[in-house]
Structure formats: structure tokens, C-alpha cells
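Student: Fold the stuff below for me.
(2 chains)
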Amino acid sequence: MSDGLIRLEGIHFSYPGRPPVLCGLDFAVAAGQRWALTGANGAGKTTLFHLMVGLLAPAAGRVVAFGRERRGERDFHDVRARVGLLFQDSDDQLFCPTVAEDIAFGPLNLGRSPAEARRLAAATLDRVGLAGFGDRVTHRLSGGEKRLVALATVLAMEPEILLLDEPSNGLDDDARRRLLAVLADLPQAMVIISHDDGLLSRLACRRAHLNGGRVMV
Amino acid sequence: MSILTLPPAAAGSLIARLNPCTRVVAAFAFALAAAAGGGLAAPVAGLALALLLAGLARLAPGRVLRRLLALEGFMAMLLLVLPFTVSGTPLFTVAGLTASAEGVRQALSIALKANAVAVAALALLGTMDMVTLGRALARLGLPDRFVTLFLFTVRYIDVLHEQYGRLRLAMRARAFRPSAGLHTWRSIGWLVGMLLVGSLERSERIHAAMRLRGFTGRFPRLDGQPAGALDWGFGAAHAAWLGAMVLLGLP
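Tutor: Residues are numbered from 1 along each chain as shown, chains lettered A, B, ... in the order given. This next block holds a predicted model:
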């Protein structure tokens, strides 16, 4: 056994009625590793993330997470608590009326008490540099604030791996800098999908390129 | 600019300081009591209470009148027809149709009641933002599913409206001008279809994001404030007035 957090073996996947996206893909993330995941549009980068957290199921191959093979929806419940996925569009991720409620949603689902969840929300907001934003209404935040709040909702679940899907996409220089500073200080293992070379060279130490349905390291 | 943005209740007004649950219950009780009474005395008492509430909420009279005008437009038909369709003591005749005194009284009573309820709702609920209203409904024991639908509507109607705006802008940028032709109907159809498909896909992404955070169908909720002395005091006074209104309306 390796000390891998998540390992994908021989993954095949295709969307109905379309050519295969992934064919025999192998990929593994170990503690402390920070991967840059690159590839053309439609190469299957986001699909790979969704397979890692069980939102999609592979046609063939194995997903091994935290030492156990995961197959059905039920197997992935505890994986999702330990793997944080940041979506491309923060509007997809923030659905609660206020920022504090959105951040508290995950911890409450994990069985924390409302008081603990509230405390955790405030602490996490502080960590992403948005202290005092708890009572703000989510859909009235700026794009950069939405991204940081979305990151806070993920961090509040205290994940061991972060999967970041185009984290700097659509952000202005200032928002991008703030996000980079927050991400650079995090201890988690990461896989980052991005076309932003500056961000990748600052955060990632390994490169994986997705091409022809496989990962080239 | 959000289409859901309401001008906030004048901060510090008595109504704004009440617990949202108190306001919802008060509005509901008002509507019931107003609907119950017959005659003209009870609706007049109701309108007086509604105006008092509007004063307590520091509503701007101009805004209230504009909203009421929309209601009047809706009710005009009923109010015009009712005197002629209710039989009773003849009062006057227009073009061979006879208006009855009973009909006029009924029309007047309905107009008073409807306006009283509308003013009271504007004062008690119209000054509350939608999210607060949703939470109050949840704390009052409305089914989770209903409250969830309501809050999601509030959250995403803006996103959909913006998407609609962007698509409309894109159409205009390519010189689209609505006219009566087939081309217009087809284009509008595509616009609506695109919005539906986009919304469906977005809802799937949101559901995925929720599952990733451990959502299994039940909504956890952060606690709200309990009712205070002000709420009990207001509630008692409100209930007393409503009770008197109902007594006035008894035949």
C-alpha cells in the first residue's frame, strides 16, 4: 500500500452518446502533494474531479480513497467530507441565503451543533480574509468575494485534499491575488485545474497533463 | 440591480423591531379577521388598524398608493358589477340595469376589506426581506420542502434573471427587434428553451455541490431569535383589536 489519499486505476468513462472521455486513466494523489492538472477544453479534467468524489461513476476501473475501494453513492459519503471540491462557477456552490448559513451547511450535515457551526463559519471567514461577512446575502457578493466564500464553505469541512476547478477564472487582479495568498497558506494536498500559469507555478509542484483520456506525468 | 430588492423597513420603526414570526402571525390573523366580519363597521375598523400599522412601519404613502392602485385595477371589474348583480332594494338605474343598495354595500365592504388586508400585509410583510420571511415560515412549522423551494426561488431568481438579461442583450447586439413575425416567436421560444435547459443544468450542479457537502435531503438550520416582551405586547394589542373587529362584524 502507498500512502495515497486517492488513487484512480484504469478508469474508463464516457458521457451517453459521446466518444469516451477517459480511457484507462491512472492517477494518484498523496498527502502533501500539489498537482497542476492541465489539458485542452473537453479533455476530461472536471470529469476526473467528479469521478474522484463519486458524482460520476466510471464505466470500468477502480477508485480507491483513504485506503478503501469506493463504488456506490454510500461509499462516497465520508470521502466527500475529506475531499473539498471548489466549483468553476461559485453561483453553483453558494445556495444558502446568507454567507454564514452557507458555510455552516457542511459542518451541520457532518453533525456539528448550530453553535459550533456558527463559530466555525466565523473562523473560516477570518481565514479567507472575509471576517465579518457572515450576515451578507450571498447573491449580492462580488465575483471575487463569492469565490472566497465558496472556498470557505469547502474549508469549513476540514478536508484533507482540495480539488480546485479553475479557481482564478473570471477574477480580477486583486481578487486573484487574495485567493492566491489564501491558497498558498493552506496545508492540504491539492489538485488544481487551471489555465493560469502564474497561479500554477506559485502553488503546484507537480504537473499532470490530460490527453487522449490518460494522464501524462 | 436585484429584482427582489425591497426598500428596507424604516430601521428602528416598531414593526422593524418585531420578531419576523410575530409579523407573519399578525398578518395571517389580520387577513382571517378581516375576511370574517360582515357589514361596514368591521371593515372600517380593519382599515383603521391597517393604516395604524402602516404608520408604525413608517411606510411611505406614495409607495403604498402605487401598490394599492394595482390592486384596485384588479378589483375594478368586481366592484362595478356587484351592485347590479345582487338583488335587493333598487337604488339607481343605469342603461336599464338596476343597482341595489345591498349590492353597493357589499361592493364597498369588499373594497374596504381588500385594501385593509393589502395595507396590513405591506406594513407587516412587505417591509421584510424574502430570506427573513422564509426563515420565519420555517420556524412557524411550515413544511421543510415548501420553505426550501421558497428560499431557492429567492436565491436563484436573480441568477436566472441575469442570464435572461444576458441572452436578451446578445440578441439585441445582433439587431434582434421583437415584431409579430414567425422569426420573433421562434427566437423567443429558443430564448425560453435555453433558459430552461440552463436552469436544469444549473440545478444539477447545485445539487452536486450540496451532496459534496453531505446533503441527504434534510436541511439543517441555524437558530433564530426568540420572541421578546415587545412581541408579546404587540401581539396582545393586535389580537384585542382583531377580536373587537370580529365582534363588530357579527350579525
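
Student: Can you pull the phi and psi angles for A:Asn211?
Tutor: Taking degrees, to the nearest 10, you get phi -150, psi 130 for the backbone angles of A:Asn211.

Student: contacting residues for it?
Tutor: A:Asn211 sits next to A:Gly39, A:Ala40, A:Ala43 when contact means C-beta atoms under 8 Å, 6 or more residues apart in numbering or on different chains. Quick note: C-beta positions are derived from backbone N, CA and C, even for glycine.

Student: how much space is there between the last one and B:Thr127?
Tutor: Distance from A:Ala43 to B:Thr127, counting by C-beta to C-beta, to the nearest Å: 52 Å.

Student: re the thing from before, now, which of the contacts of A:Asn211 sits nearest chain B?
Tutor: A:Ala43 (19.4 Å; C-beta to the nearest C-beta).

Student: any idea which helix or strand carries the closest one?
Tutor: For A:Ala43, there is no host helix or strand (DSSP states H and E).

Student: I'd like the distance from the nearest residue to it once chain neighbours are set aside to chain B, if you could.
Tutor: Distances taken as C-beta to C-beta, 6 or more residues apart in numbering or on different chains place A:Leu210 nearest to A:Ala43, at 4.5 Å, with adjacent residues excluded. Distance of A:Leu210 to chain B, computed by C-beta to the nearest C-beta, to the nearest Å: 20 Å.

Student: Wait, a strand at A:Leu210?
Tutor: Yes. Under DSSP: H, G, I helix; E, B strand; the rest coil, A:Leu210 sits within a strand.

Student: quick one, what contacts it?
Tutor: A:Leu25, A:Leu37, A:Thr38, A:Gly39, A:Ala43, A:Gly44, A:Lys45, A:Leu48, A:Met216.

Student: One more pass at 10 Å, please.
Tutor: A:21-22, A:25, A:27, A:37-40, A:43-45, A:47-48, A:193, A:216 (C-beta atoms under 10 Å, 6 or more residues apart in numbering or on different chains).

Student: quick one: which of the residues you listed sit in strands?
Tutor: If you go by DSSP state E, the contacts of A:Leu210 have A:Leu22, A:Leu25, A:Phe27, A:Leu37, A:Thr38, A:Gly39, A:Ile193, A:Met216 in strands.

Student: any idea of the pLDDT on B:His183?
Tutor: At B:His183, the pLDDT value in this model is 78.

Student: and it, which of the three is it?
Tutor: Quick answer, by three-state DSSP: B:His183 is helix.

Student: tally of neighbours for the closest residue to A:Gly170 other than its chain neighbours?
Tutor: Distance criterion C-beta to C-beta, 6+ apart; nearest residue to A:Gly170, sequence neighbours excluded, is A:Gly143 at 5.9 Å. For A:Gly143, the tally of surrounding residues (other C-beta atoms under 10 Å in any protein chain shown) stands at 13.

Student: Please, where are all the helices along the stretch 101-250 of chain B?
Tutor: Assigned by DSSP state H, counting those that start in this stretch, the stretch 101-250 of chain B shows helices spanning B:101-124, B:130-139, B:144-173, B:182-212, B:229-249.

Student: With mean neighbour count and distance to B:Leu51 as extra columns, can I get the ones you listed in JSON lines?
Tutor: Output for the helices of the stretch 101-250 of chain B, formatted as JSON lines (neighbours: other C-beta atoms under 10 Å in any protein chain shown; distance: least, C-beta to C-beta, whole Å):
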{"stretch": "helix B:101-124", "mean neighbour count": "20", "distance to B:Leu51": "6"}
{"stretch": "helix B:130-139", "mean neighbour count": "20", "distance to B:Leu51": "22"}
{"stretch": "helix B:144-173", "mean neighbour count": "15", "distance to B:Leu51": "29"}
{"stretch": "helix B:182-212", "mean neighbour count": "14", "distance to B:Leu51": "41"}
{"stretch": "helix B:229-249", "mean neighbour count": "15", "distance to B:Leu51": "12"}
